[in-house]
Each structure stands twice: as C-alpha cells, then as structure tokens.
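Undergrad: Quick one, structure for this:
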Amino acid sequence: MLFPDDPPSGLVGIARLAAAGDLLEAKRRVRYFELETRSLIGRVSGRRMPFDWTINPYRGCEFGCKYCYARYTHEFMELHEWRQFEEQIYAKRFDPASFRRELAKIPAADSIAIGTATDPYQPAERRYRVTRGILSVLAEDKRRKLSLVTKSGLVTRDLDLFSAIARANTLHICITITTMNEKLARLLEPYAPRPANRIDAVRALASAGIRVAVLHNPVMPFINDSEKNMAAVAEAAARAGTGSIGTNVLFLKPCARKAFFPFLEEHFPHQVRRYHERYQSSAFLRGEYPKMISERMERVRKRYGLADRGVDYRPELWEPEPQLSLFEIAPAPTPRS
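TA: This next block holds a predicted model:
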C-alpha cells in the first residue's frame, strides 16, 4: 500500500497531493494515480538551460532507463525507493481553462520545453492523453517558442497538432536515441520503444515538415561512447530526415546512482571501478573526456552532414516583431514528398 487511506498529517505540498491522488489503474508492474496540480508550467531554476519554462504531463516514467536523472522528482513526494519512479506513475489532472490562464502569464519571448523530466509519450499517455490535451491548447496560441523531447513513436499520433502548432509557433521535436544496438538499448532502457521505432518517428515527423532533431543522450563511458556507436545513430538519423544531432555526457545524481550502479554490477561488472573513480567527486564529468566526446561527435556530424542543433524558422502565421528582423531566420519547413 502506498499510503493510508487518509494522507498522513505530516505530509505537505506535492507529497500530500500525491498521497491523496486516486488510483486510476493497477497493472502487473505499474500503478497509475491522478495527481492534482496547482500549476502545469514550471519555471527553470538552477543550472543554465536552453529553455525558460518546463511542462511535464506526468510524474514518474515507465521506461525505466537505468541512467535517468529525474528519479529525484519522486523524492519530493516522499517516495525514495528508486523503483517507485517507474512503477508509480502520476497523471496530472488537466483542465484546459486553467492551463490557458497559466499560459497567458508566460511571456511569448520565453521558451517552453515539454518532457524535460519524464517522457510525455510514455504508455500512460495512451490512457490519459494529458500531453494531447496540452498540445491542443498550444495549437490555439501564437508566437510561442516550443520544444518537446521523447523516446516514443507515439509522438506521431499528434502530427495533426504539431502541424497546427508549427504554423504559428516555432516548434522543435527531439527524439532521444542512445544506440542503434537493440540488445544494448533493451539493457539501458528496458521498457522504452526500440531504436528502430524511434527512427520511424523521426522519419514521419520530418516527412510532415516538422523540425525534428535526434539527441544521442546520454553518452556513457565504455558503454555507448564509441565512434562506431555514434556513427550508427547519426547515419540512421540522417537517412530518416533529421538535420541535426546533439549529445551530452552522462551525469549521475545520487538518485540515478541507486539504479545505475546495480545495473553496472549486473551487466558491466568490469566497469564498476572505473565509474566509481570518475564520478566519486562529482555528478558531472569535466575535462578531457567531454572534450573527446564533443570532438568525436563533430567528426560524425561532418560525415553525415548534420548540424549540432536545429535552426529556427519563420512560422507561416507568425509575423515577427520588428526587433526579430535583426536575426537570420530560416524559411519555414516544407513537407517531404
């Protein structure tokens, strides 16, 4: 049992809301709860990020990626066992009118990213459609700077909304692919869609004229950091129609270590000591290794004619403010034949 029928009196904030959430459905591995939310849009704080606001339609993620940095978000709900992050999924209660009021307070010049902590197209989305509800409201708006990141081919379900959004807002979809090796992918991301499924999503989005990038994230030392692995992802991405591929090196927060080191001990025991040495003083790797990975990826990009990031474009229904004319803006994308 997650909590007693009545939420413990000592719980406050998001922990109390989670404890009071209704059980929506229980499956063999995963239980789904409804989560009341005071706000769906959160301001970015802490480390410098390439966006100002975030939207995560769900708390927790079923994909079970062993390296996931977002497991700490369950700790705010007093759920500290690392498996709870992937086995107790909270669908945020969505009210279109409330979301419109929130959105109206966000300056149009600010950028909004969807799915920065948990995947907006994890299996729960098939049931509860919170992501689609959010996109439906965004499709009514104009002049927004929007992005979305996912590992799921379910993203193609919403091509109609993406096309509507991209006509009046800048929109970039990012598909994360750690490796094209399906056996390795299944170890790293046991419940996530296959790499080929994600490449199919890239192809469908690009063919529909949606700006789509591939993220080769995270790069893990001695696991998926070879130039051969990077090149396989980049080649598949380029063939599918993307124009860019980005990458970042693995960082291991304490919450991620709880899942990642047992995974290493089971599948890569000869690497455990190396990881302890590299990550013992910091969650982030600095110095020569990130530099080497950056140079390696740059060679791969040049080989396949890819950029390191997507280029903004002028939406069909967006007339830029006068000051925007100071910047070079690419033509709007056109669907592939």
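
Undergrad: gap between the closest residue to residue 222 other than its chain neighbours and residue 190?
TA: Leaving aside its sequence neighbours, residue 222 sits nearest to residue 271 (C-beta to C-beta, 6 or more residues apart in numbering; 5.1 Å). All C-beta atoms are positioned from the backbone trio N, CA, C, and that covers glycine. Separation of residue 271 from residue 190 (C-beta to C-beta, to the nearest Å): 18 Å.

Undergrad: Those two - which one has more neighbours?
TA: Ranked by neighbour count (other C-beta atoms under 10 Å), residue 271 and residue 190 place residue 271 first, with 16 against 13.

Undergrad: Verify the stated contact: the more buried one with residue 223.
TA: Yes: contact criterion C-beta atoms under 8 Å: residue 271 and residue 223 qualify, at 7.3 Å.

Undergrad: Next, the residue nearest to residue 222: secondary structure please.
TA: For residue 271, the assignment made with DSSP: H, G, I helix; E, B strand; the rest coil gives helix.

Undergrad: what about the helices in the stretch 201-337 of the chain?
TA: Using DSSP state H, counting those that start in this stretch, the helices of the stretch 201-337 of the chain run over residues 227-240, 254-267, 272-279, 288-304.

Undergrad: which secondary structure elements does the shortest one contact?
TA: Translated: helix 272-279. Where contact means 3 or more C-beta pairs under 8 Å, 6 or more residues apart in numbering; DSSP states H and E, helix 272-279 is packed against helix 254-267.

Undergrad: tell me the angle of the helix it packs on relative to helix 272-279?
TA: On the basis of axes from the mean of the first three to the mean of the last three C-alpha atoms, to 10 degrees, helix 254-267 is oriented at 160 degrees to helix 272-279.

Undergrad: May I see the buried residues of helix 254-267?
TA: Of the residues in helix 254-267, 255-261, 264 count as buried by neighbour count, 16 or more other C-beta atoms under 10 Å.

Undergrad: Next: stretch 74-82.
TA: Per 16+ other C-beta under 10 Å, stretch 74-82 contains these buried residues: 74-75, 77-79, 82.

Undergrad: Identify, from those, the entry nearest to residue 39.
TA: residue 77 (15.6 Å; C-beta to C-beta).

Undergrad: That closest one reaches residue 15, doesn't it?
TA: Yes: contact between residue 77 and residue 15 holds when scored by C-beta under 8 Å: they sit 4.8 Å apart.

Undergrad: shaky segments in the chain?
TA: 1-9, 46-47, 319-337 (pLDDT under 70).

Undergrad: which residues of the stretch 1-150 of the chain fall in helices?
TA: In the stretch 1-150 of the chain, the segments counted as helices under DSSP H, counting those that start in this stretch are 13-19, 72-75, 84-87, 96-104, 124-128, 130-138.

Undergrad: Tell me who's in contact with residue 98.
TA: residue 40 (C-beta atoms under 8 Å, 6 or more residues apart in numbering).

Undergrad: Good, wrapping up.
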